[in-house]
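Trainee: Quick one, structure for this:
(one chain, ligands or ions: 1)
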Amino acid sequence: MNKTIILGAGIAGLSAAYHLKEKGISSIVYEQGKDWGGLCGNFTVDGFRFDRFVHLSFAPDEYTQKMFAGTHGMHEHIPYPTNYYHGYWIKHPAQNNLHPLPTEEKIKIINDFVHRPQMEVSQIKNYEQWLRCQYGNYFAEHFPFAYTRKYWGVEPHELETKWVGIRMSSPDLSEVLRGAFEAQDKCFYYAKVMKYPKSGGFKSILNTIAQGADIRLEHQVCRIDTHEKRVYFSNGTSSEYSHLISSLPLPEIIKMLPDVPSAVKQAAADLRYTCGYEVSLGFKRPDIAKHLWFYIYDEDIPPARVYSPSLKSADNAPAGCSSLQAEIFFANGSNIPSPQQMLDTTIDKLINMGIFKAEDLIVKDIRFENFANIIFDQNIYHNRKIVLDYLHQQHIYSIGRFGKWEYFWTFQAFADGKNIAEQQELIEHAT
Ligand SMILES: Cc1cc2nc3c(=O)[nH]c(=O)nc-3n(C[C@H](O)[C@H](O)[C@H](O)COP(=O)(O)OP(=O)(O)OC[C@H]3O[C@@H](n4cnc5c(N)ncnc54)[C@H](O)[C@@H]3O)c2cc1C
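Mentor: Alright, predicted model coming up:
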């Protein structure tokens, strides 16, 4: 029997299916949800379309750009995000744009920047030390420490630093001073252009690869028998396979397998991640959203980040209207407030910040995502290797953000699906 099955119809799973087909190999994609797209998907409430978290594309290579652009075309946005900090609006990154802050606070930040701890890179053991060495104590403690607790749900000392890469800007003294004396126009963001489909929401980047794929929706995998080579679904059906590709989260798939050694079970259970709420808001006025997205450092305001679907594309809101979505994250295993409590608090806080007036709000919605970001704690690489090695022994090809347990952007999850489809071993046995 030659039957390749793919678990999960997010971008990684769909990319695997598309690129296998290009090689003449058919596959079936099983998805638990009512729709395909995974985190690239969207939902609509009373004519307002919301993505599942912010989502803009900055795929660097031509092939991926072409595949994402499909036939709908892309808007191009220059990323000028901004920051909200105790009533001040500060351009992003804050360390390069201290201008709006009071003089006393700027003096503390610059003083500590000049006298920041000096450590050899090899001596830096965690993200807290990294932040103190990059920015000085005052800035580190008031900005990224607070943001780390909001975005990652953990303390900075719990994180390692390899994930940081290009994500954080590291200015020199001249840049800090220039940004403190006067407003800067320069875009310091790590991507210079962010693209977004003109129509259909972010999910449209998947149209090309989803077209023609054999996707079976509402098939939630609950058990995988690697001896019989059969996947069981919670709707009572099952499917035999010769080759199994999975984009399911590592901690979940391990629970579905038989006879897993306790060390592997423990490693999977110890992988940490964030989950989170999307608070989606629609307004009867066109001019509510002022920024494509902004970060909030204040810890008494739940969202870490707020973005505007209607600024990404006007196609996301009815004519004459605008929209926002706030993202609120928690580390897995933490106490999570009820949806109603979170919705009410977020709306109150955004009104207090002066973002909108209650009478302009016509749509409000809250949803929970079980998996958002991988937490790069000190044990991630050790635990991840144990789990991935075990899946490899079981002849399961694990792909995607949660299957590789990597900080993948969409173009990387897309590439991961393509790479697996190009693996010689898979092609030889599946044709
Ligand atoms: C807050 C946030 C913001 C982001 N912003 C951006 C951005 O701006 N730009 C960018 O490029 N990337 C962004 N990303 C990253 C991007 O979302 C991911 O890289 C990409 O969507 C991962 O795709 P995937 O296919 O690997 O995983 P997923 O999209 O999670 O797909 C996995 C699929 O498996 C399904 N599944 C899970 N369990 C089961 C089961 N038991 N049975 C059957 N099916 C199952 C799920 O329903 C899902 O459809 C962001 C991510 C987050 C969390």
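Trainee: from here on, contacts and neighbour counts on C-alpha atoms
Mentor: Will do.
Trainee: tell me which parts of the stretch 101-250 of the chain are close to the ligand?
Mentor: Counting by Cα under 6 Å from any ligand atom, the stretch 101-250 of the chain comes close to the ligand at 219, 220, 221, 222, 247, 248.
Trainee: May I ask which of the residues you listed has the most neighbours?
Mentor: Of all those, the highest neighbour tally under other Cα atoms under 10 Å goes to residue 247, namely 27 neighbours.
Trainee: Let me see the contact set for it.
Mentor: 6-8, 10, 12-13, 398-404 (Cα atoms under 8 Å, 6 or more residues apart in numbering).
Trainee: Filter those residues down to just the ones in strands.
Mentor: The strands, defined by DSSP state E, take in 6, 7, 398 from those.
Trainee: List buried members of those by neighbour count.
Mentor: Buried members of the ones in strands among the contacts of residue 247, counted by 16 or more other Cα atoms under 10 Å: 6, 7, 398.
Trainee: so which of those comes closest to the ligand?
Mentor: residue 7 (5.7 Å; Cα to the nearest ligand atom).
Trainee: May I ask you to confirm that the closest one is in contact with residue 13?
Mentor: Yes: contact criterion Cα atoms under 8 Å: residue 7 and residue 13 qualify, at 6.7 Å.
Trainee: about what we covered before: got the residues of the stretch 101-250 of the chain next to the ligand as CSV, with secondary structure and pLDDT columns?
Mentor: As requested, these are exported to CSV (DSSP: H, G, I helix; E, B strand; the rest coil; pLDDT from 0 to 100):
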residue, secondary structure, pLDDT
219, coil, 98
220, coil, 98
221, strand, 98
222, strand, 98
247, coil, 98
248, coil, 98
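Trainee: Any chance of JSON lines for those residues, columns distance to residue 81?
Mentor: Output for these, formatted as JSON lines (distance: Cα to Cα, whole Å):
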{"residue": "219", "distance to residue 81": "39"}
{"residue": "220", "distance to residue 81": "38"}
{"residue": "221", "distance to residue 81": "39"}
{"residue": "222", "distance to residue 81": "41"}
{"residue": "247", "distance to residue 81": "31"}
{"residue": "248", "distance to residue 81": "32"}
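Trainee: Can you list the low-confidence ranges for the stretch 251-400 of the chain?
Mentor: Along the stretch 251-400 of the chain, segments meeting pLDDT under 70 are nowhere present.
Trainee: all helices of it, in order?
Mentor: 262-269, 309-312, 339-352, 380-393, 400-403 (DSSP state H, counting those that start in this stretch).
Trainee: JSON lines please, covering these and showing mean neighbour count and distance to the ligand.
Mentor: Below are the helices of the stretch 251-400 of the chain laid out as JSON lines (neighbours: other Cα atoms under 10 Å; distance: least, Cα to the nearest ligand atom, whole Å):
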{"stretch": "helix 262-269", "mean neighbour count": "17", "distance to the ligand": "15"}
{"stretch": "helix 309-312", "mean neighbour count": "26", "distance to the ligand": "11"}
{"stretch": "helix 339-352", "mean neighbour count": "16", "distance to the ligand": "17"}
{"stretch": "helix 380-393", "mean neighbour count": "16", "distance to the ligand": "15"}
{"stretch": "helix 400-403", "mean neighbour count": "26", "distance to the ligand": "3"}
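Trainee: Need those helices in a markdown table (columns: distance to residue 296).
Mentor: Shown next, in a markdown table, are the helices of the stretch 251-400 of the chain (distance: least, Cα to Cα, whole Å):
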| stretch | distance to residue 296 |
| --- | --- |
| helix 262-269 | 31 |
| helix 309-312 | 18 |
| helix 339-352 | 10 |
| helix 380-393 | 27 |
| helix 400-403 | 25 |
